[in-house]
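Novice: next come a sequence and a model predicted from it.
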Amino acid sequence: MKKITLFCCAGMSTSMLVTKMQQIAKKDGKDYDIAAYSLDDLAKGEGSDVILIGPQVRYALKKVQAAYPDTPVSDIDMRTYGLMDGAGVIKIAEKFFK
């Protein structure tokens, strides 16, 4: 199982995105643990295979990378996030799987 963790400001809008991602992963038979949290809950990224941050907290990219130096950390582009494109976000995450 691969663990994908998303961070944003409050975790609410990203939770909707996570729901779409979970539906797509299930439909495609992918065993992914996907969750979203507020940036204030940064410790929740422990054990993640990849961490993605919403465009509204892109300013914190270096902070998240410093907190998880051994975990790939990337931002979600504004278009993909704004469209709530669950498949697109999964593709971003999958680029980092080894």
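Specialist: Good, I have the coordinates.
Novice: only C-alpha atoms from now on, for both contacts and neighbour counts.
Specialist: Fine.
Novice: quick one: contacts of the helix or strand hosting A87?
Specialist: According to DSSP states H and E, A87 maps onto helix 86-94. Helix 86-94 is contacted by residues 4, 17-18, 20-21, 24, 50-52, 76, 80-81 when judged by Cα atoms under 8 Å, 6 or more residues apart in numbering.
Novice: only C-alpha atoms, please: export that helix in CSV.
Specialist: Taking C-alpha atoms only, helix 86-94 is exported to CSV below (Å, rounded to 0.1, in the frame of the first residue of the first chain):
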residue,chain,number,x,y,z
GLY,A,86,-8.4,13.4,-8.7
ALA,A,87,-6.9,11.4,-11.5
GLY,A,88,-4.5,14.3,-12.3
VAL,A,89,-3.3,14.4,-8.6
ILE,A,90,-2.8,10.7,-8.6
LYS,A,91,-0.6,11.0,-11.6
ILE,A,92,1.4,13.7,-9.8
ALA,A,93,1.9,11.3,-6.9
GLU,A,94,2.7,8.3,-9.0
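Novice: and the contacts of helix 86-94, which of them are in helices?
Specialist: 17-18, 20-21, 24, 80-81 (DSSP state H).
Novice: and the worst-scoring helix or strand of the chain on mean pLDDT, what's buried?
Specialist: Lowest mean confidence among the helices and strands of the chain (mean pLDDT, DSSP states H and E): helix 12-27, at a mean of 93. Buried residues in helix 12-27, defined by neighbour count with 16 or more other Cα atoms under 10 Å: 14-15, 17-22, 25.
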